[in-house]
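S.K.: Give me the fold of what follows.
(chains A, B, C and D)
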Protein chains: 2
Amino acid sequence: MSTPYSIIIADDHSMFLDGLTSILANETSIKIILTAKTGTQVIKYLRINSEEKIDLVITDINMPEMDGVELNAAIKEEFPKVKTLVVSMLEDAKKIKVLTEANANGYISKNAEKTELLKAIKSILHGENYFSPRIKQVLMEAMFSDKLEPEISLSKRETEVLKLIALEFTTQEIADQLFLSKHTIESYRKNLISKLGVRNLAGLTRYAVEKGMLD
Amino acid sequence: MSTPYSIIIADDHSMFLDGLTSILANETSIKIILTAKTGTQVIKYLRINSEEKIDLVITDINMPEMDGVELNAAIKEEFPKVKTLVVSMLEDAKKIKVLTEANANGYISKNAEKTELLKAIKSILHGENYFSPRIKQVLMEAMFSDKLEPEISLSKRETEVLKLIALEFTTQEIADQLFLSKHTIESYRKNLISKLGVRNLAGLTRYAVEKGMLD
DNA sequence: CTGAATATCACGGTTTTCAGTGAAAACAAA
DNA sequence: TTTGTTTTCACTGAAAACCGTGATATTCAG
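M.R.: A predicted model of the protein is given here:
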């Protein structure tokens, strides 16, 4: 038998970390080098032990400090030889899209079966990418719905103004805060209303809240 | 050694299920009888195999069909001898409160360490309850904040009107819809604004969205 | 370089919201 | 039965939002 593959696992839920470790313990062809709770820990390790070859990083999406999407991007940027497999409990079409564009090597859901997990890992270690059928489907749907809903994009200023509007500031107050004319803010208001297809302040606020602009 | 304890694990993420199974496989004193992906599966099993003694059910909170909170309630109702340990990735004070009131025997976070998990399981199997220090803290904080924030209660009509306001209807439209005078709706508007401590429509809308009134 | 998008500003008119004040009827609870 | 809450309605005046219809300057990608 050849030397085992070296992998790193990142997830902030240590119970999941322990679980994955247990599952992979039976696989003699795989050696877990590190388990980390944040993306930054992984990057630090890779930088320090750059001479050591790491074959694969398995990462969750939701993590504090540096999440899975950022971690994947950072790895592909600094250590392009290292493969990545993203494991997540959510099937967020947008994140998946970003990940595929950032050349992640695989994406599976946390409610995938053990066998699928192993299949994904092995595929990736053998040089192929692995996206589960379910994920492919979500991606396809996202493509379609994106074309039907041509994705409203707001400029920086628009975003800024919308945020303040949703935070209960009046037009005059926003104008003062941003050192702009009251008329300017009024224009933004109107544009936002027609752009977002809403009727009034309530619609603007709902949009802002739902897009997480106020966090 | 005496006969091992019989336990059931419920979680919709099979990866977590596999992980937990792996972790507990080393424990000779514990025997996993069933792993389920929904609460209903667990209840069905308990009903059918009622002669078989089950010592503990470990359950996630977020599950389709019947979630962890409901499952716990159902178990305590129908099979009071069966202990329950709730494992969740969120530390939602309200859910924890409900669970303690429904006599769950333990609650730990998914980012608890393996050792803590085992400690919790053993405590419960020995007849004690186990709530992790972190959880106790969250509970305490919830108690305090509940008393400091005296919980704004809205009447049926107020809720109804607030909902329509947040859905972008104007005062006149709401009045027509509910067969009330425009003045009446205006009154509600004002009361809601002062009651909820907000400044305008944006504040009302944020409140409605955040309380999930529009789902 | 050039057109498209963005950012900025302006005005008049209409509608809606907001603030203050008040009150009557229905209803439930103490 | 009295007290408190909820539901309902009314008026005024000021402030803000909304609508239409512009203009100019900058920036940025093709």
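
S.K.: Buried residues in stretch A:103-117, which are they?
M.R.: A:104-112, A:114, A:116-117 (16 or more other Cβ atoms under 10 Å in any protein chain shown). C-betas here are computed from N, CA, C, even on glycine.

S.K.: Tell me which entries of these lie within helices.
M.R.: A:114, A:116-117 (DSSP state H).

S.K.: which one among these gets closest to chain B?
M.R.: Checking these against chain B by Cβ to the nearest Cβ gives residue A:114 as the nearest, at 4.4 Å.

S.K.: how far away is that closest one from DNA strand D?
M.R.: With distances taken as Cβ to the nearest atom of the strand, to the nearest Å, residue A:114 is found 45 Å from DNA strand D.

S.K.: need the ones in helices among the buried residues of stretch A:103-117 in TSV with pLDDT, can you?
M.R.: Output for those, formatted as TSV (pLDDT from 0 to 100):
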residue	pLDDT
A:114	85
A:116	90
A:117	90
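
S.K.: for the buried residues of stretch A:103-117, which one is nearest residue A:188?
M.R.: residue A:104 (36.7 Å; Cβ to Cβ).

S.K.: sorry, back to before: would a markdown table of the ones in helices among the buried residues of stretch A:103-117 with distance to residue A:172 be doable?
M.R.: Formatted as a markdown table, those follow (distance: Cβ to Cβ, whole Å):
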| residue | distance to residue A:172 |
| --- | --- |
| A:114 | 60 |
| A:116 | 57 |
| A:117 | 57 |
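
S.K.: For those, please prepare TSV with the additional fields distance to DNA strand C.
M.R.: Formatted as TSV, these follow (distance: Cβ to the nearest atom of the strand, whole Å):
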residue	distance to DNA strand C
A:114	46
A:116	41
A:117	42
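
S.K.: for those residues, which one is nearest residue B:59?
M.R.: Residue B:59 has its nearest neighbour among these in residue A:114, at 19.8 Å by Cβ to Cβ.

S.K.: restrict the ones in helices among the buried residues of stretch A:103-117 to contacts with chain B.
M.R.: A:114, A:117 (Cβ under 8 Å from any Cβ of the partner chain).

S.K.: now, which of the buried residues of stretch A:103-117 lie within strands?
M.R.: A:106-109 (DSSP state E).

S.K.: Flag the least confident of these.
M.R.: Lowest pLDDT among these: residue A:109, with 86.

S.K.: Show me what that residue bridges to in the sheet.
M.R.: residue A:88 (DSSP bridges).

S.K.: who are the neighbours in contact with it?
M.R.: A:87-89, A:91, A:132, A:134-135 (Cβ atoms under 8 Å, 6 or more residues apart in numbering or on different chains).

S.K.: Can you name the residues of chain A sitting close to DNA strand D?
M.R.: A:170-172, A:186-187, A:189-190, A:193, A:199-201 (Cβ under 7 Å from any atom of the strand).

S.K.: can we see that at 6 Å?
M.R.: A:170-172, A:186-187, A:189-190, A:193, A:200-201 (Cβ under 6 Å from any atom of the strand).

S.K.: Using a markdown table, please lay out those residues together with pLDDT.
M.R.: Shown next, in a markdown table, are those (pLDDT from 0 to 100):
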| residue | pLDDT |
| --- | --- |
| A:170 | 94 |
| A:171 | 93 |
| A:172 | 92 |
| A:186 | 93 |
| A:187 | 92 |
| A:189 | 93 |
| A:190 | 93 |
| A:193 | 92 |
| A:200 | 94 |
| A:201 | 95 |
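
S.K.: Looking at those residues, spot the one nearest DNA strand C.
M.R.: Of all the residues of chain A next to DNA strand D, DNA strand C sits closest to residue A:187, with 3.5 Å by Cβ to the nearest atom of the strand.

S.K.: Check which residues of the one helix or strand that closest one maps to are buried.
M.R.: For residue A:187, the enclosing helix or strand under DSSP states H and E is helix A:182-196. Buried residues in helix A:182-196, counting neighbours by 16+ other Cβ under 10 Å, are found at A:185, A:188-189, A:192, A:196.

S.K.: Mind putting those residues into a markdown table with distance to chain B?
M.R.: A markdown table is the format used below for the buried residues of helix A:182-196 (distance: Cβ to the nearest Cβ, whole Å):
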| residue | distance to chain B |
| --- | --- |
| A:185 | 14 |
| A:188 | 15 |
| A:189 | 12 |
| A:192 | 12 |
| A:196 | 11 |
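
S.K.: Residues contacting the helix holding residue A:187, please?
M.R.: Residues contacting helix A:182-196 (Cβ under 8 Å, 6+ apart): A:152, A:154, A:157-158, A:161-162, A:165, A:171-172, A:174-175, A:178, A:199-200, A:203-204, A:207.

S.K.: How about stretch A:33-50?
M.R.: A:6-12, A:14, A:17, A:21, A:52, A:54, A:57, A:59, A:63-68, A:70-71, A:74-75, A:78-79, A:82, B:111.

S.K.: one step back: is the helix holding residue A:187 positioned near DNA strand C?
M.R.: Yes - interface with DNA strand C: helix A:182-196 contributes A:183-184, A:186-187 (Cβ under 6 Å from any atom of the strand).

S.K.: now residue A:2: how far from residue B:123?
M.R.: Distance, residue A:2 to residue B:123, by Cβ to Cβ, to the nearest Å: 45 Å.

S.K.: Pretty sure residue A:43 sits in a strand.
M.R.: No - counting by DSSP: H, G, I helix; E, B strand; the rest coil, residue A:43 falls outside a strand, being helix.

S.K.: between residue A:2 and residue B:123, who's got more neighbours?
M.R.: It is residue B:123, of residue A:2 and residue B:123, that has more neighbours when counted by other Cβ atoms under 10 Å in any protein chain shown, with 17 against 5.

S.K.: so what's the closest residue in space to that one that isn't next to it in sequence bridging to?
M.R.: Leaving out its chain neighbours, the residue that sits closest to residue B:123 by Cβ to Cβ, 6 or more residues apart in numbering or on different chains is residue B:130, at 4.2 Å. Beta bridges link residue B:130 to residue B:106, judged by DSSP bridges.
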